[in-house]
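>>> Structure for this input, please:
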Amino acid sequence: MSTPAATPHRCVVCGSGDAATIWSVARAPTHAVRPAGMDAASGFGQLDIAACSHCGHLSNRAFDTDAADELYGALVLTNEPVSPGMIAAVDETAGLIMRHLKQAPAVLEVGGGGGALSLALARRSARVDLVEPSRALGPERFAGTGVTLHRAMFPVTALAGRRFDAVVCRQVIEHVPEPAPFLAALRGSLADDGIAYLELPSADDILRRHSIVDFHYPHVHYYRRAKMELLLARAGFAIAEVFDIKQGHDMGFLLRAAKPLVHEARASSDVSPSKFAAALAERRARGAQRLAAIDGPIVLYGANAYAQALFGLYQETTPFAAMFDDTASYAGRCVYGPAGEITIEPPRSERLAGMAAVVIAAYLHDAEIARKIAAMGFRGPVYTLRAHGVNTPGPIASLFDP
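Next up, the predicted model:
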(Lines give C-alpha, C1' and ligand atoms only; values in the text may rest on other atoms or scores of the structure.)
Protein backbone atom coordinates (compact mmCIF):
# COMPACT_ATOMS: atom_id res chain seq x y z
CA MET A 1 0.00 0.00 0.00
CA SER A 2 1.64 3.23 -1.13
CA THR A 3 1.80 6.20 1.24
CA PRO A 4 0.60 9.52 -0.25
CA ALA A 5 2.68 12.63 0.12
CA ALA A 6 1.93 14.70 3.20
CA THR A 7 -0.79 17.31 2.75
CA PRO A 8 -1.92 20.18 4.99
CA HIS A 9 -4.39 18.82 7.53
CA ARG A 10 -6.35 20.26 10.42
CA CYS A 11 -8.61 18.04 12.47
CA VAL A 12 -12.18 19.37 12.43
CA VAL A 13 -12.81 17.90 15.88
CA CYS A 14 -9.79 19.01 17.93
CA GLY A 15 -7.84 21.35 15.63
CA SER A 16 -4.64 19.29 15.68
CA GLY A 17 -2.43 19.34 12.60
CA ASP A 18 -0.78 16.00 13.29
CA ALA A 19 -2.18 12.81 11.72
CA ALA A 20 -1.02 9.45 10.43
CA THR A 21 -2.16 7.67 7.26
CA ILE A 22 -3.94 4.39 7.98
CA TRP A 23 -5.41 3.64 4.51
CA SER A 24 -4.66 4.85 0.99
CA VAL A 25 -5.81 4.24 -2.57
CA ALA A 26 -3.92 6.03 -5.33
CA ARG A 27 -6.68 6.10 -7.97
CA ALA A 28 -10.17 5.79 -6.54
CA PRO A 29 -13.35 6.48 -8.57
CA THR A 30 -15.08 9.63 -7.34
CA HIS A 31 -18.56 8.46 -8.45
CA ALA A 32 -20.39 5.18 -7.95
CA VAL A 33 -22.03 5.63 -11.37
CA ARG A 34 -20.25 7.63 -14.06
CA PRO A 35 -22.10 10.90 -14.76
CA ALA A 36 -23.19 11.55 -18.34
CA GLY A 37 -20.61 13.45 -20.35
CA MET A 38 -17.64 12.60 -18.14
CA ASP A 39 -14.67 11.44 -20.24
CA ALA A 40 -12.95 8.16 -19.51
CA ALA A 41 -9.83 9.75 -18.02
CA SER A 42 -11.75 11.84 -15.49
CA GLY A 43 -13.53 10.92 -12.28
CA PHE A 44 -10.68 9.77 -10.06
CA GLY A 45 -9.37 11.01 -6.75
CA GLN A 46 -7.04 9.87 -4.01
CA LEU A 47 -7.79 8.36 -0.63
CA ASP A 48 -5.43 9.29 2.17
CA ILE A 49 -7.40 8.27 5.24
CA ALA A 50 -5.61 9.67 8.26
CA ALA A 51 -6.15 9.30 12.00
CA CYS A 52 -5.69 12.44 14.08
CA SER A 53 -2.78 11.87 16.43
CA HIS A 54 -4.59 13.68 19.27
CA CYS A 55 -8.26 12.62 19.14
CA GLY A 56 -8.22 9.76 16.60
CA HIS A 57 -10.75 11.32 14.18
CA LEU A 58 -10.58 9.77 10.69
CA SER A 59 -10.71 11.85 7.52
CA ASN A 60 -9.53 11.86 3.91
CA ARG A 61 -6.67 14.35 3.70
CA ALA A 62 -6.62 14.06 -0.09
CA PHE A 63 -10.24 15.17 -0.66
CA ASP A 64 -10.35 18.05 -3.16
CA THR A 65 -12.50 20.65 -1.41
CA ASP A 66 -12.28 23.04 -4.37
CA ALA A 67 -14.05 20.48 -6.58
CA ALA A 68 -16.77 19.56 -4.07
CA ASP A 69 -19.57 21.68 -5.59
CA GLU A 70 -19.09 20.14 -9.03
CA LEU A 71 -18.65 16.64 -7.56
CA TYR A 72 -22.06 16.76 -5.90
CA GLY A 73 -23.72 18.71 -8.70
CA ALA A 74 -22.75 15.99 -11.19
CA LEU A 75 -23.75 13.17 -8.85
CA VAL A 76 -25.94 10.41 -10.25
CA LEU A 77 -28.63 9.77 -7.65
CA THR A 78 -27.97 6.53 -5.77
CA ASN A 79 -29.56 4.58 -2.92
CA GLU A 80 -33.06 5.04 -4.25
CA PRO A 81 -35.36 2.49 -2.58
CA VAL A 82 -35.86 -0.37 -5.03
CA SER A 83 -36.59 -3.29 -2.72
CA PRO A 84 -39.29 -3.91 -0.10
CA GLY A 85 -36.67 -3.63 2.63
CA MET A 86 -35.39 -0.27 1.41
CA ILE A 87 -38.90 1.14 0.98
CA ALA A 88 -39.85 -0.02 4.48
CA ALA A 89 -36.74 1.65 5.91
CA VAL A 90 -37.73 5.01 4.39
CA ASP A 91 -41.26 4.72 5.78
CA GLU A 92 -39.90 3.76 9.20
CA THR A 93 -37.63 6.83 9.27
CA ALA A 94 -40.51 9.10 8.23
CA GLY A 95 -42.67 7.63 11.00
CA LEU A 96 -39.95 8.10 13.61
CA ILE A 97 -39.64 11.79 12.72
CA MET A 98 -43.37 12.49 12.49
CA ARG A 99 -44.05 10.95 15.92
CA HIS A 100 -42.25 13.91 17.48
CA LEU A 101 -43.97 16.67 15.48
CA LYS A 102 -47.16 18.67 15.73
CA GLN A 103 -49.87 18.38 13.10
CA ALA A 104 -49.02 19.70 9.60
CA PRO A 105 -45.41 20.69 10.32
CA ALA A 106 -43.01 22.59 8.05
CA VAL A 107 -40.07 20.31 7.22
CA LEU A 108 -36.63 20.94 5.74
CA GLU A 109 -34.58 18.07 4.33
CA VAL A 110 -30.97 18.78 3.44
CA GLY A 111 -29.30 16.44 0.95
CA GLY A 112 -32.28 14.25 0.23
CA GLY A 113 -30.97 12.41 -2.84
CA GLY A 114 -33.86 11.28 -5.00
CA GLY A 115 -36.38 12.67 -2.51
CA ALA A 116 -37.95 9.43 -1.26
CA LEU A 117 -37.97 10.54 2.38
CA SER A 118 -39.21 14.04 1.50
CA LEU A 119 -42.13 12.51 -0.39
CA ALA A 120 -42.95 10.27 2.57
CA LEU A 121 -42.82 13.23 4.97
CA ALA A 122 -44.90 15.43 2.65
CA ARG A 123 -47.88 13.09 3.00
CA ARG A 124 -48.14 14.19 6.63
CA SER A 125 -46.75 17.75 6.50
CA ALA A 126 -47.93 21.20 5.48
CA ARG A 127 -44.83 21.67 3.36
CA VAL A 128 -41.44 20.09 2.74
CA ASP A 129 -38.46 22.01 1.37
CA LEU A 130 -35.80 19.73 -0.10
CA VAL A 131 -32.23 20.97 -0.68
CA GLU A 132 -30.27 18.73 -3.05
CA PRO A 133 -27.37 19.82 -5.32
CA SER A 134 -27.50 16.99 -7.87
CA ARG A 135 -28.44 18.15 -11.36
CA ALA A 136 -29.99 14.71 -11.90
CA LEU A 137 -32.98 15.79 -9.82
CA GLY A 138 -35.64 18.05 -11.33
CA PRO A 139 -38.73 19.78 -9.92
CA GLU A 140 -41.02 17.73 -12.16
CA ARG A 141 -40.50 14.75 -9.84
CA PHE A 142 -42.30 16.66 -7.08
CA ALA A 143 -45.16 18.27 -8.98
CA GLY A 144 -48.30 18.23 -6.84
CA THR A 145 -46.61 16.49 -3.88
CA GLY A 146 -46.08 19.37 -1.47
CA VAL A 147 -42.29 19.12 -1.86
CA THR A 148 -40.37 22.19 -3.07
CA LEU A 149 -36.94 21.43 -4.54
CA HIS A 150 -34.00 23.78 -4.08
CA ARG A 151 -31.25 22.46 -6.34
CA ALA A 152 -28.27 23.94 -4.55
CA MET A 153 -25.70 23.40 -1.86
CA PHE A 154 -26.81 24.14 1.69
CA PRO A 155 -27.33 26.75 3.11
CA VAL A 156 -29.69 28.21 0.50
CA THR A 157 -30.25 31.95 0.12
CA ALA A 158 -33.94 31.43 -0.69
CA LEU A 159 -34.50 29.85 2.73
CA ALA A 160 -32.52 32.41 4.75
CA GLY A 161 -34.37 33.37 7.90
CA ARG A 162 -36.94 30.58 7.72
CA ARG A 163 -37.36 28.29 10.71
CA PHE A 164 -38.71 24.76 10.44
CA ASP A 165 -40.50 22.40 12.79
CA ALA A 166 -38.22 19.61 11.61
CA VAL A 167 -34.78 19.64 9.99
CA VAL A 168 -33.68 16.33 8.48
CA CYS A 169 -30.19 15.54 7.21
CA ARG A 170 -29.36 11.95 6.33
CA GLN A 171 -26.06 10.62 4.96
CA VAL A 172 -24.71 14.11 4.27
CA ILE A 173 -22.50 15.37 7.10
CA GLU A 174 -19.75 12.85 6.22
CA HIS A 175 -19.48 14.57 2.81
CA VAL A 176 -18.99 18.08 4.25
CA PRO A 177 -15.35 19.23 4.52
CA GLU A 178 -16.09 21.79 7.28
CA PRO A 179 -18.83 20.44 9.55
CA ALA A 180 -18.99 23.31 12.10
CA PRO A 181 -20.55 25.99 9.83
CA PHE A 182 -22.78 23.37 8.22
CA LEU A 183 -24.16 22.22 11.57
CA ALA A 184 -24.57 25.85 12.64
CA ALA A 185 -26.68 26.49 9.53
CA LEU A 186 -28.85 23.45 10.32
CA ARG A 187 -29.29 24.73 13.86
CA GLY A 188 -30.20 28.18 12.55
CA SER A 189 -32.96 26.62 10.43
CA LEU A 190 -34.58 24.85 13.38
CA ALA A 191 -37.47 26.36 15.34
CA ASP A 192 -36.87 26.63 19.09
CA ASP A 193 -39.47 23.93 19.77
CA GLY A 194 -38.60 21.83 16.72
CA ILE A 195 -36.68 18.59 16.28
CA ALA A 196 -33.79 17.65 14.02
CA TYR A 197 -32.83 14.23 12.74
CA LEU A 198 -29.23 13.58 11.68
CA GLU A 199 -28.08 10.25 10.25
CA LEU A 200 -24.62 9.18 9.16
CA PRO A 201 -22.32 6.16 8.84
CA SER A 202 -20.62 5.01 12.02
CA ALA A 203 -16.82 4.95 12.16
CA ASP A 204 -17.18 2.79 15.27
CA ASP A 205 -18.62 0.13 12.95
CA ILE A 206 -15.68 0.47 10.53
CA LEU A 207 -13.23 0.17 13.40
CA ARG A 208 -15.05 -2.88 14.77
CA ARG A 209 -15.32 -4.75 11.46
CA HIS A 210 -12.23 -3.40 9.65
CA SER A 211 -14.44 -2.71 6.61
CA ILE A 212 -12.19 -1.49 3.79
CA VAL A 213 -15.04 -0.87 1.30
CA ASP A 214 -16.55 1.72 3.65
CA PHE A 215 -13.66 4.02 2.75
CA HIS A 216 -14.67 5.66 -0.52
CA TYR A 217 -13.95 9.01 -2.10
CA PRO A 218 -17.16 10.99 -1.59
CA HIS A 219 -16.81 10.64 2.19
CA VAL A 220 -14.50 13.25 3.71
CA HIS A 221 -14.99 12.36 7.38
CA TYR A 222 -15.61 9.16 9.33
CA TYR A 223 -17.24 10.02 12.65
CA ARG A 224 -17.29 7.97 15.80
CA ARG A 225 -20.34 8.54 17.97
CA ALA A 226 -18.47 10.46 20.69
CA LYS A 227 -16.92 12.83 18.14
CA MET A 228 -20.26 13.60 16.52
CA GLU A 229 -21.90 14.18 19.90
CA LEU A 230 -19.20 16.74 20.67
CA LEU A 231 -19.73 18.60 17.37
CA LEU A 232 -23.50 18.60 17.88
CA ALA A 233 -23.17 20.10 21.37
CA ARG A 234 -20.90 22.83 20.03
CA ALA A 235 -23.48 23.64 17.34
CA GLY A 236 -26.33 24.03 19.84
CA PHE A 237 -28.06 20.66 19.63
CA ALA A 238 -29.20 18.59 22.60
CA ILE A 239 -29.41 14.85 21.97
CA ALA A 240 -32.84 13.42 22.74
CA GLU A 241 -32.21 9.90 21.45
CA VAL A 242 -29.61 7.90 19.53
CA PHE A 243 -30.45 5.02 17.18
CA ASP A 244 -28.33 2.13 15.89
CA ILE A 245 -29.29 1.59 12.26
CA LYS A 246 -28.55 -1.38 9.97
CA GLN A 247 -26.91 -3.43 12.74
CA GLY A 248 -24.76 -0.48 13.77
CA HIS A 249 -23.52 0.45 10.29
CA ASP A 250 -25.21 3.85 10.67
CA MET A 251 -26.25 6.00 13.60
CA GLY A 252 -29.17 8.39 13.91
CA PHE A 253 -29.53 11.32 16.29
CA LEU A 254 -32.86 12.84 17.31
CA LEU A 255 -32.01 16.40 18.36
CA ARG A 256 -33.58 19.43 20.00
CA ALA A 257 -32.49 23.05 20.07
CA ALA A 258 -30.19 24.08 22.92
CA LYS A 259 -27.49 26.58 23.75
CA PRO A 260 -24.10 25.85 22.19
CA LEU A 261 -21.66 24.26 24.60
CA VAL A 262 -17.88 24.42 24.52
CA HIS A 263 -16.32 20.97 24.73
CA GLU A 264 -12.70 20.02 24.22
CA ALA A 265 -11.91 16.85 22.33
CA ARG A 266 -10.22 14.29 24.52
CA ALA A 267 -7.13 12.44 23.45
CA SER A 268 -8.00 9.00 22.08
CA SER A 269 -6.10 5.92 23.18
CA ASP A 270 -8.51 3.05 22.51
CA VAL A 271 -7.42 2.53 18.88
CA SER A 272 -3.85 2.12 17.70
CA PRO A 273 -3.49 3.67 14.21
CA SER A 274 -0.66 1.30 13.32
CA LYS A 275 -2.58 -1.81 14.39
CA PHE A 276 -5.71 -0.60 12.60
CA ALA A 277 -3.71 0.08 9.43
CA ALA A 278 -2.23 -3.43 9.62
CA ALA A 279 -5.70 -4.98 10.04
CA LEU A 280 -7.00 -3.09 7.00
CA ALA A 281 -3.99 -4.19 4.93
CA GLU A 282 -4.70 -7.79 5.93
CA ARG A 283 -8.33 -7.42 4.76
CA ARG A 284 -7.10 -6.02 1.46
CA ALA A 285 -4.79 -8.99 0.93
CA ARG A 286 -7.56 -11.49 1.81
CA GLY A 287 -9.88 -9.92 -0.75
CA ALA A 288 -7.22 -10.13 -3.43
CA GLN A 289 -6.57 -13.81 -2.63
CA ARG A 290 -10.27 -14.70 -2.69
CA LEU A 291 -10.83 -12.93 -6.02
CA ALA A 292 -7.73 -14.54 -7.57
CA ALA A 293 -9.04 -17.99 -6.61
CA ILE A 294 -12.25 -17.53 -8.64
CA ASP A 295 -11.81 -19.30 -11.97
CA GLY A 296 -13.90 -17.35 -14.43
CA PRO A 297 -15.94 -14.17 -14.87
CA ILE A 298 -17.41 -12.40 -11.84
CA VAL A 299 -20.62 -10.40 -11.66
CA LEU A 300 -21.05 -7.64 -9.10
CA TYR A 301 -24.51 -6.94 -7.71
CA GLY A 302 -25.12 -3.34 -6.61
CA ALA A 303 -23.82 -0.23 -8.37
CA ASN A 304 -23.06 1.66 -5.19
CA ALA A 305 -20.27 3.21 -3.16
CA TYR A 306 -19.00 -0.19 -1.97
CA ALA A 307 -18.58 -1.41 -5.55
CA GLN A 308 -16.91 1.90 -6.27
CA ALA A 309 -14.40 1.21 -3.50
CA LEU A 310 -13.88 -2.34 -4.78
CA PHE A 311 -13.01 -1.08 -8.28
CA GLY A 312 -10.38 1.26 -6.86
CA LEU A 313 -8.79 -1.67 -5.06
CA TYR A 314 -9.03 -4.67 -7.40
CA GLN A 315 -10.32 -3.89 -10.90
CA GLU A 316 -6.90 -3.94 -12.54
CA THR A 317 -6.29 -7.52 -11.40
CA THR A 318 -9.80 -9.04 -11.36
CA PRO A 319 -12.09 -10.12 -14.25
CA PHE A 320 -15.26 -8.24 -13.24
CA ALA A 321 -17.45 -9.06 -16.23
CA ALA A 322 -20.84 -7.55 -15.39
CA MET A 323 -22.65 -5.23 -13.00
CA PHE A 324 -26.22 -5.94 -11.90
CA ASP A 325 -28.48 -3.40 -10.25
CA ASP A 326 -32.23 -3.22 -9.68
CA THR A 327 -32.44 0.57 -10.12
CA ALA A 328 -34.29 1.12 -13.39
CA SER A 329 -32.74 4.55 -13.98
CA TYR A 330 -29.24 3.00 -14.06
CA ALA A 331 -29.94 0.95 -17.18
CA GLY A 332 -27.32 1.75 -19.81
CA ARG A 333 -25.15 3.74 -17.43
CA CYS A 334 -21.68 2.63 -16.39
CA VAL A 335 -19.65 1.94 -13.30
CA TYR A 336 -15.94 2.46 -13.75
CA GLY A 337 -12.49 2.08 -12.30
CA PRO A 338 -8.82 2.29 -13.29
CA ALA A 339 -9.24 -0.56 -15.82
CA GLY A 340 -12.31 0.82 -17.61
CA GLU A 341 -16.11 0.85 -17.60
CA ILE A 342 -18.77 -1.81 -17.13
CA THR A 343 -22.35 -1.21 -18.26
CA ILE A 344 -25.01 -1.59 -15.57
CA GLU A 345 -27.77 -4.05 -16.38
CA PRO A 346 -30.73 -5.59 -14.58
CA PRO A 347 -30.15 -9.11 -13.22
CA ARG A 348 -31.11 -11.87 -15.64
CA SER A 349 -30.84 -15.63 -15.24
CA GLU A 350 -29.25 -16.12 -18.66
CA ARG A 351 -26.44 -13.69 -17.75
CA LEU A 352 -25.96 -15.37 -14.39
CA ALA A 353 -25.55 -18.72 -16.10
CA GLY A 354 -22.24 -17.64 -17.61
CA MET A 355 -20.72 -16.36 -14.37
CA ALA A 356 -18.28 -18.20 -12.12
CA ALA A 357 -19.24 -16.21 -9.00
CA VAL A 358 -21.38 -13.36 -7.70
CA VAL A 359 -20.05 -10.65 -5.38
CA ILE A 360 -22.79 -8.66 -3.64
CA ALA A 361 -21.66 -5.05 -3.33
CA ALA A 362 -24.99 -3.95 -1.84
CA TYR A 363 -23.98 -5.81 1.30
CA LEU A 364 -26.53 -4.17 3.60
CA HIS A 365 -29.13 -6.11 1.59
CA ASP A 366 -27.05 -9.23 0.92
CA ALA A 367 -29.49 -11.77 2.36
CA GLU A 368 -32.36 -10.48 0.21
CA ILE A 369 -30.16 -10.41 -2.90
CA ALA A 370 -28.77 -13.90 -2.23
CA ARG A 371 -32.32 -15.29 -2.12
CA LYS A 372 -33.12 -13.55 -5.40
CA ILE A 373 -30.01 -14.99 -7.08
CA ALA A 374 -30.87 -18.50 -5.86
CA ALA A 375 -34.41 -18.12 -7.20
CA MET A 376 -32.91 -17.30 -10.60
CA GLY A 377 -31.12 -20.64 -10.59
CA PHE A 378 -27.56 -19.62 -9.78
CA ARG A 379 -25.73 -22.33 -7.85
CA GLY A 380 -22.18 -20.99 -7.91
CA PRO A 381 -20.34 -19.25 -5.06
CA VAL A 382 -21.84 -16.01 -3.75
CA TYR A 383 -19.80 -13.57 -1.69
CA THR A 384 -20.67 -10.37 0.14
CA LEU A 385 -18.59 -7.26 0.75
CA ARG A 386 -19.85 -7.27 4.33
CA ALA A 387 -16.81 -7.48 6.59
CA HIS A 388 -18.11 -9.73 9.32
CA GLY A 389 -17.43 -8.67 12.88
CA VAL A 390 -18.03 -10.33 16.23
CA ASN A 391 -21.55 -8.92 16.45
CA THR A 392 -22.47 -8.92 12.76
CA PRO A 393 -22.96 -12.50 11.54
CA GLY A 394 -23.92 -12.80 7.91
CA PRO A 395 -25.78 -15.39 5.85
CA ILE A 396 -23.11 -15.81 3.16
CA ALA A 397 -19.32 -15.81 3.01
CA SER A 398 -17.51 -12.49 3.15
CA LEU A 399 -15.00 -11.75 0.42
CA PHE A 400 -12.64 -10.74 3.22
CA ASP A 401 -12.94 -13.80 5.46
CA PRO A 402 -9.87 -16.05 5.77
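
>>> where does the stretch 301-402 of the chain have low pLDDT?
389-395 (pLDDT under 70).

>>> Just give the number of residues close to I212.
Look at I212: counted by other C-beta atoms under 10 Å, it has 27 neighbours. (C-beta placed from N, C-alpha, C; glycine too.)

>>> And it, how close does it get to L399?
As for I212, its distance to L399 is 10 Å (criterion: C-beta to C-beta, to the nearest Å).

>>> Please enumerate the shared neighbours of these two.
Counting by C-beta atoms under 8 Å, 6 or more residues apart in numbering, the residues touching both I212 and L399 are G287.

>>> what residue is smack in the middle of this protein?
Q171 (5.9 Å; C-alpha atoms, centre = their mean).

>>> residues in contact with it?
Contact analysis of Q171 by C-beta under 8 Å, 6+ apart lists N79, G111, G113, E199, L200, P201, D250.

>>> The stretch 101-250 of the chain: helices as residue ranges?
Read by DSSP state H, counting those that start in this stretch, the stretch 101-250 of the chain holds these helices, from start to end of the chain: 116-122, 179-188, 203-209, 225-235.

>>> Of all those, which one is nearest A387?
Between A387 and the helices of the stretch 101-250 of the chain, the shortest separation by C-beta to C-beta is 4.4 Å, and it involves helix 203-209.

>>> who's in contact with that closest one?
So helix 203-209 is in contact with 58, 211, 214-215, 222-225, 227, 248-251, 271, 276, 387-392, going by C-beta under 8 Å, 6+ apart.

>>> Same question for stretch 277-297.
1, 21-23, 210-212, 298, 313-314, 317-322, 354-357, 381, 383, 387, 399-402.

>>> Just the ones of these in helices?
Counting by DSSP state H, the part of the contacts of stretch 277-297 found in helices is L313, Y314.

>>> out of the contacts of stretch 277-297, which are buried?
Among the contacts of stretch 277-297, the ones that count as buried by 16 or more other C-beta atoms under 10 Å are 21-23, 210-212, 298, 313-314, 318, 320, 322, 355, 357, 381, 383, 387, 399-400.

>>> circling back: let me know which of the helices of the stretch 101-250 of the chain is tucked in deepest.
helix 116-122 (a mean of 23; mean count of other C-beta atoms under 10 Å).

>>> hang on, the earlier thing: as TSV, the helices of the stretch 101-250 of the chain with distance to G37 and mean pLDDT would be great.
As requested, these are exported to TSV (distance: least, C-beta to C-beta, whole Å; pLDDT from 0 to 100):
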stretch	distance to G37	mean pLDDT
helix 116-122	26	93
helix 179-188	29	98
helix 203-209	33	96
helix 225-235	36	97
